[in-house]
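Asks: Need coordinates for the following:
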Amino acid sequence: MSTAKWFPRFGDIPGIDYAPPTPTNRSSLPGHNARPTVSHFEFDGRRRESLSWPSKDGTTSQSPASQHQSAIVGKGSSPSDLLRNLSEVLELPGVLSDYHFAIQGCAGALWGGRRDHPGVLAAVERLSWLNIRLLETQPNFFWDGDDKKTWPAVAAFGYLIRLYSREGHLREALDVATRAVRFNQLQSDRDSLQQRLAVIEAEESK
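Replies: Next comes the predicted model:
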């Protein structure tokens, strides 16, 4: 992006209706009141900005949200640890991509452990919708305006399509796939779901 847009916490992003996955004491978190220094530079004929955040060693390009996630979550974390860490990350200053990757990383870790902890699927569903709402309310946060719009793969769409399809909720799955297509993703899933629903509706009309 050409502008380094940051927020004091995830809940301050316009259009986001959000409650932390677990209760969090924001004032106890390192860097909760940090503010970045904004630097300007020219690149490819465009005026751009970069952020420098205070750190114990001086400054860093990592926001408090990014630092907190990378410092705590690792392989083998329990579902409760993952959700607690995500709650803390989302209460810290950061940029849109920090929050996106934190939510996606937590949902992915929970999804990966679903066989051992089936109860996490409800959390995966909530986090997936949260990430989709972020993308839909801030659709340009990965796009710098130079070329045709492209977005990275957003795992949330796939998680929800698999969850809803497995439970037979094909219309809900199609809604998710239709949203994904707006971001140039999962068109084959959308087409397949449309065909399946058309067959079902034809059978029901007989």
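
Asks: now residue 200, nearest residue through space, not along the chain?
Replies: Counting by CB to CB, 6 or more residues apart in numbering, residue 170 is the residue found nearest to residue 200 once chain neighbours are left out, at 7.2 Å. The C-beta positions use only the backbone N, C-alpha and C, and glycine is treated the same way.

Asks: Contact partners for the residue most central in space within the chain?
Replies: The residue lying closest to the centre of the chain (CA atoms, centre = their mean) is residue 100, at 3.1 Å. By CB atoms under 8 Å, 6 or more residues apart in numbering, the contact set of residue 100 is 131, 134-135, 141.

Asks: and if you look at residue 132?
Replies: 154, 156-157, 160, 176, 179.

Asks: How about the host helix or strand of it, which residues are buried there?
Replies: Secondary structure from DSSP states H and E places residue 132 in helix 121-137. Under the neighbour-count criterion of 16 or more other CB atoms under 10 Å, helix 121-137 has 121, 123-125, 127-128, 130-135 buried.

Asks: Now render these as a markdown table, adding distance to residue 34 and pLDDT.
Replies: Listed next are the buried residues of helix 121-137 as a markdown table, based on distance: CB to CB, whole Å; pLDDT from 0 to 100:
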| residue | distance to residue 34 | pLDDT |
| --- | --- | --- |
| 121 | 35 | 97 |
| 123 | 28 | 96 |
| 124 | 30 | 97 |
| 125 | 32 | 97 |
| 127 | 25 | 96 |
| 128 | 29 | 97 |
| 130 | 23 | 96 |
| 131 | 24 | 95 |
| 132 | 28 | 96 |
| 133 | 25 | 95 |
| 134 | 21 | 94 |
| 135 | 25 | 92 |
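
Asks: what's downstream of the helix or strand bottoming out on mean pLDDT in the chain, the next helix or strand?
Replies: When the helices and strands of the chain are compared on mean pLDDT, DSSP states H and E, strand 37-43 comes out lowest with a mean of 76. The element immediately downstream of strand 37-43 (helix or strand, assigned by DSSP H and E) is strand 46-55.

Asks: list the helices and strands that next one packs on?
Replies: strand 37-43, strand 58-60, helix 64-72 (3 or more CB pairs under 8 Å, 6 or more residues apart in numbering; DSSP states H and E).

Asks: And the helices in the protein, which stretches?
Replies: For the chain, the helices defined by DSSP state H occupy 64-72, 79-90, 96-112, 121-137, 155-166, 170-181, 187-204.

Asks: Output the below-cut-off pLDDT ranges for the protein.
Replies: Scanning the chain for pLDDT under 70 picks out 1-4, 42-48, 71-76, 142-150.

Asks: one more time with 90
Replies: For the chain, applying pLDDT under 90 flags the ranges 1-5, 15-23, 38-50, 54-59, 61, 69-78, 138-153, 184, 201-206.

Asks: Among the helices and strands packed on strand 46-55, which comes closest to residue 107?
Replies: Evaluated with CB to CB, the helices and strands packed on strand 46-55 place helix 64-72 nearest to residue 107, the distance being 13.2 Å.

Asks: who does that closest one touch, helix- and strand-wise?
Replies: Here helix 64-72 touches strand 46-55, helix 79-90, strand 94-95, helix 96-112, going by 3+ CB pairs under 8 Å, 6+ apart.
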